[in-house]
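Student: what's the 3D shape of this:
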Amino acid sequence: MKSIALTASTLAAAALVWHAVPSFAETARRVPAPTADLVAPATAKTETAVFAGGCFWGVQGVFQRVKGVSNAVSGYAGGDAKTARYDEVGSGRTGHAESVRITYDPQQVSYGKLLQIYFSVAHDPTELNRQGPDSGTQYRSTVFAENAEQARIATAYIAQLNAAKTFGKPLATTIETAKPFFAAEDYHQDYLTLHPSQPYIAINDMPKIDDLKKLFPESYKATPSLVKAAKAG
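Tutor: From the prediction side, this is the model:
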């Protein structure tokens, strides 16, 4: 992910570079649903999931527009609390990945459905330690499982997609467990919604929103669940 503080001339030049990098959104497709999924108790109202798939701006923007999701927070997972800061994570040496913690109602959307959207729309799971114009371990494709059941479902789903050769090559997505999540700085929250015309967002991330609406119309909601709105409430 590139610096937010860019001049107009730098943005124009960067746009040319980003256009030259193939976008996952250009080939996004609705992948098959997982054959195994979590069955939530009838009394369960809130669950969380943490996914990493490149720059958290776009991943957050996608899941904020999924029905049943009440909150999606950009942050860091995989490393220690003392290094959970943007300037350090960007070095690629902290163990952190830019991630998104999703709070959802399992009566409205299942963990398996979130995984299906994650693999279909949110990022390219075949990219190893990179997404689009961004490279480094902080942009890796990782499911940060909150418990053993999430790890089991995600592992089985990756095996299912690999066995079916859904992407034509093996997925690079890893499963990491027992890794705490740390919310990112306020200026990263709701970034896609607040800056839809910023070249990086317009080129790399807005197409993901279009794909979510097109490929998952039953799961798409036009009004995103924003972090700032949740704090205000």
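
Student: Can you report how many residues neighbour the residue nearest to residue 71 when sequence neighbours are not counted?
Tutor: In this structure, residue 71 finds its nearest non-sequential neighbour in residue 103, 4.2 Å apart by Cβ to Cβ, 6 or more residues apart in numbering. Every residue, glycine included, has its C-beta placed from N, CA and C. Neighbourhood size, residue 103 [other Cβ atoms under 10 Å]: 17.

Student: For residue 103, list each beta-bridge partner.
Tutor: Per DSSP bridges, the residues bridged to residue 103 are residue 48, residue 71.

Student: how about the closest residue to residue 113 other than its chain neighbours, what does it touch?
Tutor: Distances taken as Cβ to Cβ, 6+ apart place residue 219 nearest to residue 113, at 6.7 Å, with adjacent residues excluded. Counting by Cβ atoms under 8 Å, 6 or more residues apart in numbering, residue 219 makes contact with 66, 67, 68, 109, 113, 117, 212.

Student: give the contact list for the fourth one.
Tutor: In this structure, residue 109 makes contact with 66, 67, 68, 69, 219, judged by Cβ under 8 Å, 6+ apart.

Student: which of these are buried?
Tutor: Buried members of those, scored by 16 or more other Cβ atoms under 10 Å, are 66, 68, 69, 219.

Student: Just flag the most distant two among those.
Tutor: Farthest pair in those (Cβ to Cβ) is 69 and 219. Separation: 9.2 Å.

Student: circling back to that earlier point, pretty sure the residue nearest to residue 71 sits against residue 46.
Tutor: Yes - with contact defined as Cβ atoms under 8 Å, residue 103 reaches residue 46; the gap is 6.2 Å.

Student: Around the spatially closest residue to residue 141 that is not a sequence neighbour, count how many other residues there are.
Tutor: Excluding the flanking residues, the one nearest residue 141 by Cβ to Cβ, 6+ apart is residue 173, at 4.3 Å. Neighbourhood size, residue 173 [other Cβ under 10 Å]: 26.

Student: For residue 173, list the residues it contacts.
Tutor: 119, 125, 141, 142, 143, 158.

Student: Tell me which of the residues you listed fall in helices.
Tutor: Judged by DSSP state H, these include residue 158 as members of helices.

Student: quick one: which of the contacts of residue 173 has the most company?
Tutor: residue 119 (30 neighbours).

Student: got any ranges where the chain has weak pLDDT?
Tutor: 1-26, 233 (pLDDT under 70).

Student: Tell me which stretches of the chain form helices.
Tutor: 8-20, 56-63, 86-89, 111-117, 148-163, 191-194, 199-200, 206-215, 227-232.

Student: Now render those as a markdown table, adding distance to residue 42.
Tutor: As requested, the helices of the chain are arranged in a markdown table below (distance: least, Cβ to Cβ, whole Å):
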| stretch | distance to residue 42 |
| --- | --- |
| helix 8-20 | 46 |
| helix 56-63 | 24 |
| helix 86-89 | 39 |
| helix 111-117 | 16 |
| helix 148-163 | 17 |
| helix 191-194 | 33 |
| helix 199-200 | 43 |
| helix 206-215 | 28 |
| helix 227-232 | 25 |
